[in-house]
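**Student:** no sequence for this one, just the structure:
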């Protein structure tokens, strides 16, 4: 969605160009107008609580330090995971099956036909976060995005480190293929991160750049 929005804003030099872009790519222009309005409202809210400079406009935020990680997919994925968890699912590719299947705990889900992953034969990632889930004759998910294990370790629920089995389990069902030692490290990182975020929220107007948060971002970028 972020990539589509960026393409739209690049093409949106005039109302005619924006309309042509949407027609050429089978997109709904009204949806982009709604996204733009929502972005403006969000910027106003962030400025009112002191997270960003109140003088910044929508275009000003894009080129400011507040948006320094705006094009990093790993960081964006982590933000989506933090905001949408526990709306996550496991993508499994089983031998003999033509399409990957997706599961949430022991329940199978299906990509809705509106999803870019619908009927896709090869999916390169193991985990997705989704915005919508609804049931008809099957349980479908749509508006999905890939996420990586570090995001689940940082923003999922409880972390259980199974040393003998050499695996880490998040929230009782999310099994991650990482060393147990890594799970222990992330469990401690989460404790410290919770303290830092609570401090940010409590003293939003007095906060300073934090070396710990910078380290977390660097970790996400390197995954």
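**Tutor:** Received, thanks. These figures come from a predicted structure and were not determined experimentally.
**Student:** ok, residue 17 to residue 50 distance?
**Tutor:** As judged by Cβ to Cβ, to the nearest Å, residue 17 and residue 50 stand 37 Å apart. The way it works is simple: take the backbone N, C-alpha and C, and place the C-beta from them, glycine included.
**Student:** and if you look at residue 215?
**Tutor:** From residue 215 to residue 50 the distance is 24 Å (Cβ to Cβ).
**Student:** point out where this protein drops to low pLDDT.
**Tutor:** 204-209 (pLDDT under 70).
**Student:** where is the longest helix in it?
**Tutor:** Looking across the chain with DSSP state H, the single longest helix is helix 180-202.
**Student:** who touches that helix?
**Tutor:** With contacts defined as Cβ atoms under 8 Å, 6 or more residues apart in numbering, helix 180-202 is touched by 150, 153-154, 159, 161-163, 166-168, 176, 207, 210, 212-213, 216.
**Student:** can you show me the strands along the chain?
**Tutor:** Using DSSP state E, the strands of the chain run over 88-92, 101-104, 107-111, 127-135, 139-147, 159-162, 167-170, 174-176.
**Student:** give me the residue at the spatial middle of this structure.
**Tutor:** residue 80 (2.3 Å; Cα atoms, centre = their mean).
**Student:** distance check, that one against residue 148.
**Tutor:** 11 Å.
**Student:** what do you get for residue 82?
**Tutor:** 13 Å.
**Student:** of these two, which one has the most company?
**Tutor:** residue 148 (18 against 14; other Cβ atoms under 10 Å).
**Student:** isn't that one right up against residue 125?
**Tutor:** Yes. Counting by Cβ atoms under 8 Å, residue 125 is a contact partner of residue 148 at 7.4 Å.
**Student:** was I right about residue 177 contacting residue 169?
**Tutor:** No. With contacts counted by Cβ under 8 Å, residue 177 stays clear of residue 169, the gap being 11.2 Å.
**Student:** buried residues in the longest helix of the chain, which are they?
**Tutor:** 183, 186, 189-190, 193 (16 or more other Cβ atoms under 10 Å).
**Student:** before we move on, the earlier item: touching both of residue 177 and residue 169, which residues are there?
**Tutor:** With the criterion set as Cβ under 8 Å, 6+ apart, the contacts of residue 177 and residue 169 do not overlap.
**Student:** show me the contacts for residue 91.
**Tutor:** 100-102, 123, 125-128.
**Student:** residue 168 too?
**Tutor:** 153, 159-162, 175-176, 178, 180, 182-183, 186.
**Student:** please name the nearest non-neighbouring residue to it.
**Tutor:** residue 183 (3.4 Å; Cβ to Cβ, 6 or more residues apart in numbering).
**Student:** residue 174 too?
**Tutor:** residue 152 (5.8 Å).
**Student:** surely the one you found meets residue 175?
**Tutor:** No. Look at residue 152 against residue 175 with Cβ under 8 Å: they stay out of range, at 10.4 Å.
**Student:** and the two? which has more neighbours close in?
**Tutor:** Neighbour count, other Cβ under 10 Å: between residue 152 and residue 175, residue 152 has more, with 23 against 15.
**Student:** if I look at the more buried one, how far off is residue 181?
**Tutor:** Taken as Cβ to Cβ, the span from residue 152 to residue 181 is 17 Å.
**Student:** list the contacts for the residue nearest to the centre of the chain?
**Tutor:** When contacts are taken as Cβ under 8 Å, 6+ apart, residue 80 is in contact with 129, 145, 147.
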